[in-house]
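*Asks:* got a predicted structure here, sequence first:
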Amino acid sequence: RSSDLGRNVFKIGDIIKAKSVQKRKSLAEKKKQVSQNVRPRKNSECELVIGLDFGTSSTKVVIQAPDLPGSPSSAVDFSHYAHPQMPYLMPTRLWVLPDGTCSLENCEGGQMVKDIKMGLIQDGNDLVGDYGHAWQLWSPEEVAACYLAFVLQYSRKWFLETKQDLVGDFSKFIWSVNLGVPSPCVEDNEQNRIFRRVGKAAWMLSTLPEDEITLEMAKRKLRLAEDPEYWEGGSEDTCDFDIIPEIAAGAVGYALSDMRREGLHVIVDIGASTVDVCSFNLHNKEGNDRYSLLIADVQPLGAFRLYRDKLQTIKSTFERHIEEMLAKHDPLMPINLDDSIEAYIASSEQLTAACAEARAKFKEKFLLMMRSVIWQTKCRRDPEATVWQKHGRLPILLIGGGSRLPFFCSAVGELDAWLRKYTSNEGITHQPVLLPNSLVHSAKRSDGHYYLTVTWGLSHRALDVGEIIPADCIPDADPPPRRDWRSRFVSKDQV
């Protein structure tokens with residue numbers, strides 16, 4: 001909420017505040033819920049929390065009913081919109097017609113837009129369409145709001161239609177939405193305001209009775225989303241909305257498990273386009289988890305970037321080979337125009353060497369990012385943490401779809417020897433993040449937990465996730481006292 005931005009401490013659990021409590025009560029008393037009345041004969045209500053993991057390549061949704069026995073949660077099956085083998089992954093792309101009408105499917109005359117999330121993070125410069133950069137044509141916020149509106153609209157409909165055995169006896173539903181964001185976006189900055197504005201506008205768009213969603217409609221809702229009186233006033237097209245850092249949501253399963261440890265951790269969220277690294281302190285305060293964020297960094301070093309880097313390396317190797325052939329050609333020699341192509345193709349040895357070099361450079365960038373976050377945490381953010389001391393180990397949590405790839409697992413493993421060399425501790429320790437079996441089964445894949453870790457964490461009540469203290473609200477540790485060398489100085493005359 002916009003009123004939270006100026007505080008010294010931003011609490012994800014701010015729904016316990018008086019204004020939000022009143023809003024929740026007013027929502028419960030509404031006679032009409034938008035797209036929510038399924039059995040009006042009964043006067044019972046059910047709270048449903050939508051965890052919305054807005055990714056750079058794909059978006060995931062988990063819906064949880066926290067008040068029902070066992071707090072059942074379900075990963076949304078996006079059916080024909082999704083990958084055939086991964087029904088819970090909705091591609092983050094949108095088709096836009098010349099008149100501004102949007103669609104999740106390819107339509108005649110429409111231009112496909114991708115990298116929608118990156119358009120919000122990097123001032124729209126990564127908003128890409130069929131014909132190159134699209135940010136000059138459309139507002140990145142409008143495109144993102146339309147896309148997320150379709151996702152929310154589909155998710156609610158899917159849940160209410162397929163989970164009748166679970167919620168069919170309820171006549172009213174109190175919806176909450178938690179939108180996952182990169183770690184720096186919870187600080188008092190423009191990205192924080194952008195994601196809040198887009199998320200609220202997307203919800204309002206998703207509740208409209210019209211069959212079509214347009215960029216013009218998104219523009220109007222974005223203006224409304226900035227009006228705190230409208231959003232907090234209990235209007236029928238609003239909901240309980242929060243943004244939660246993805247790293248905190250990804251750590252929920254760990255924080256609730258028996259393997260949980262108090263103190264300093266580093267979490268690494270490896271997505272398709274980006275890697276989000278954050279050091280944080282996990283503590284329990286008065287029965288609630290507290291995540292004190294220390295150092296956060298987001299860089300374009302995700303799994304797809306690694307794949308694209310390999311393809312570009314192969315392409316440049318072939319091009320360089322042809323250029324060398326042209327440079328070596330003797331114009332006085334006869335030209336060979338037979339059908340043989342072997343001479344024009346780079347050898348497997350050339351390709352292998354070039355790809356190995358490119359992977360090594362990519363790994364060094366990834367490790368430099370990791371070492372920078374860890375070392376800054378040690379030197380100026382939490383130098384007295386027990387993990388740096390003898391027999392201590394730095395817990396590292398790996399999450400995200402890319403965390404299952406051997407390349408990233410191996411790279412993180414190299415941090416163990418590095419820490420042992422430069423500190424007194426015993427290196428690192430990997431801490432698994434668990435999901436409930438029912439959710440893993442609903443994902444229909446044995447590796448579903450790699451993709452749904454963050455989404456499941458987002459599907460908890462914001463209050464249950466815990467209290468988040470952004471890095472810009474935590475001062476650096478006091479530097480060690482400076483040693484006075486003058487009293488111990490020995491000049492040449494004293495020797």
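*Replies:* Great, that's in hand. Numbers count the residues shown, from 1 in each chain.
*Asks:* switch to C-alpha atoms for all contacts and neighbour counts from now on
*Replies:* OK.
*Asks:* contacts for stretch 394-403 next, please.
*Replies:* 250-251, 264-272, 302-303, 387-388, 408-409, 427-433, 450-454 (CA atoms under 8 Å, 6 or more residues apart in numbering).
*Asks:* buried subset of the residues you listed?
*Replies:* By neighbour count, with 16 or more other CA atoms under 10 Å, the contacts of stretch 394-403 hold 250-251, 264-272, 302-303, 387-388, 408, 427-428, 431-433, 450-454 as buried.
*Asks:* out of those, which are inside strands?
*Replies:* Residues of these located in strands (DSSP state E): 264-270, 428.
*Asks:* so which pair among these is furthest apart in space?
*Replies:* Distances among those were taken as CA to CA; the most separated pair is Leu264 and Ile270, at 19.8 Å.
*Asks:* so where's the protein shaky on pLDDT?
*Replies:* The chain contains residues with pLDDT under 70 at 1-43, 123-136, 339, 438, 440-449, 485, 495.
*Asks:* for it, longest helix please?
*Replies:* For the chain, the longest helix by residue count, based on DSSP state H, is helix 348-376.
*Asks:* helices or strands up against that helix?
*Replies:* strand 275-285, strand 288-299, helix 303-328, helix 406-413 (3 or more CA pairs under 8 Å, 6 or more residues apart in numbering; DSSP states H and E).
*Asks:* run the chain-centre distance for it.
*Replies:* Helix 348-376 sits 23 Å away from the centroid of its parent chain (CA atoms, centre = their mean, to the nearest Å).
*Asks:* in it, what's buried?
*Replies:* Here helix 348-376 shows 351, 354-355, 358-359, 362-363, 366-367, 369-371, 373-375 as buried, counting by 16+ other CA under 10 Å.
*Asks:* same check on stretch 160-176?
*Replies:* Under 16+ other CA under 10 Å, the buried positions of stretch 160-176 are 160, 167, 169-176.
*Asks:* can you put these in JSON lines and add distance to Asp493 and secondary structure?
*Replies:* What follows is those, written out as JSON lines (distance: CA to CA, whole Å; DSSP: H, G, I helix; E, B strand; the rest coil):
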{"residue": "Leu160", "distance to Asp493": "89", "secondary structure": "helix"}
{"residue": "Val167", "distance to Asp493": "89", "secondary structure": "helix"}
{"residue": "Asp169", "distance to Asp493": "94", "secondary structure": "coil"}
{"residue": "Phe170", "distance to Asp493": "92", "secondary structure": "coil"}
{"residue": "Ser171", "distance to Asp493": "93", "secondary structure": "coil"}
{"residue": "Lys172", "distance to Asp493": "89", "secondary structure": "strand"}
{"residue": "Phe173", "distance to Asp493": "86", "secondary structure": "strand"}
{"residue": "Ile174", "distance to Asp493": "83", "secondary structure": "strand"}
{"residue": "Trp175", "distance to Asp493": "80", "secondary structure": "strand"}
{"residue": "Ser176", "distance to Asp493": "77", "secondary structure": "strand"}
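*Asks:* how long is stretch 246-261 end to end?
*Replies:* 19 Å (CA to CA, to the nearest Å).
*Asks:* what's next to it, contact-wise?
*Replies:* Contacts of stretch 246-261 (CA under 8 Å, 6+ apart): 53, 180-183, 267-269, 276, 278, 282, 289, 291, 397, 399, 431-435, 453-458, 465, 468.
*Asks:* show me which of the residues you listed are buried.
*Replies:* 53, 180-183, 267-269, 276, 278, 282, 289, 291, 397, 399, 431-435, 453-458, 465, 468.
*Asks:* among those, which are in helices?
*Replies:* Counting by DSSP H, the buried ones among the contacts of stretch 246-261 place 453-458, 465 in helices.
*Asks:* going by neighbour count, list what's buried in stretch 386-397.
*Replies:* Here stretch 386-397 shows 387-388, 392-397 as buried, counting by 16+ other CA under 10 Å.
*Asks:* quick one: which of the residues you listed sit in strands?
*Replies:* Reading strands off the buried residues of stretch 386-397 with DSSP E, I get 394-397.
*Asks:* farthest-separated two in these?
*Replies:* Most distant of those, by CA to CA, are Leu394 and Leu397, 9.9 Å apart.
*Asks:* so what's Ile194 up against?
*Replies:* 120, 141.
*Asks:* pretty sure it is in a helix, no?
*Replies:* Yes - with DSSP: H, G, I helix; E, B strand; the rest coil as the criterion, Ile194 is assigned to a helix.
*Asks:* separation between it and Ile322?
*Replies:* Distance from Ile194 to Ile322, by CA to CA: 47 Å.
*Asks:* now swap in Met370 and tell me
*Replies:* Counting by CA to CA, the gap from Met370 to Ile322 is 38 Å.
*Asks:* as TSV, the ones in strands among the buried ones among the contacts of stretch 394-403 with distance to Val143 would be great.
*Replies:* Output for these, formatted as TSV (distance: CA to CA, whole Å):
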residue	distance to Val143
Leu264	38
His265	36
Val266	33
Ile267	30
Val268	28
Asp269	25
Ile270	25
Ile428	41
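*Asks:* so which of the residues you listed comes closest to Gln312?
*Replies:* Ile270 (20.9 Å).
*Asks:* who's the closest one bridged to?
*Replies:* Val275 (DSSP bridges).
*Asks:* ok, and the closest non-adjacent residue to Thr429?
*Replies:* In space, and not counting its chain neighbours, Thr429 is closest to Pro395: 4.9 Å by CA to CA, 6 or more residues apart in numbering.
*Asks:* returning to that earlier point: wait, which of the ones in strands among the buried ones among the contacts of stretch 394-403 is closest to Ala82?
*Replies:* Ile270 (20.5 Å).
*Asks:* report the contact partners of that closest one.
*Replies:* Ile270 touches 276, 302-303, 398-403, counting by CA under 8 Å, 6+ apart.
*Asks:* how close does it get to Ala354?
*Replies:* Ile270 is 24 Å from Ala354, by CA to CA.
*Asks:* same deal with Asp382?
*Replies:* Separation of Asp382 from Ala354 (CA to CA): 40 Å.
*Asks:* off-centre distance for stretch 232-246?
*Replies:* 19 Å.
*Asks:* if you count neighbours, what's buried in that stretch?
*Replies:* 232, 234, 237-246.
*Asks:* and Gly110, how many neighbours?
*Replies:* 19 (other CA atoms under 10 Å).
*Asks:* report the contact partners of the spatially closest residue to it that is not a sequence neighbour.
*Replies:* Nearest residue to Gly110, sequence neighbours excluded (CA to CA, 6+ apart): Leu97, at 4.2 Å. Residues in contact with Leu97 (CA under 8 Å, 6+ apart) are 107, 109-111.
*Asks:* also Phe304?
*Replies:* Here Phe304 is in contact with 272-273 (criterion: CA under 8 Å, 6+ apart).
*Asks:* please report how far it lies from Lys117.
*Replies:* 15 Å.
*Asks:* what does Asp330 give?
*Replies:* Asp330 is 51 Å from Lys117, by CA to CA.
*Asks:* ok, the closest residue to Leu458 other than its chain neighbours to Leu222 distance?
*Replies:* Take Leu458 and drop its neighbours on the chain: the residue closest to it by CA to CA, 6+ apart is Gly51, 4.3 Å away. Distance, Gly51 to Leu222, by CA to CA: 21 Å.
*Asks:* looking at the two now, which is surrounded by more residues?
*Replies:* Gly51 (28 against 24).
*Asks:* ok but that one is inside a helix, no?
*Replies:* No - Gly51 is assigned strand when assessed by three-state DSSP, not a helix.
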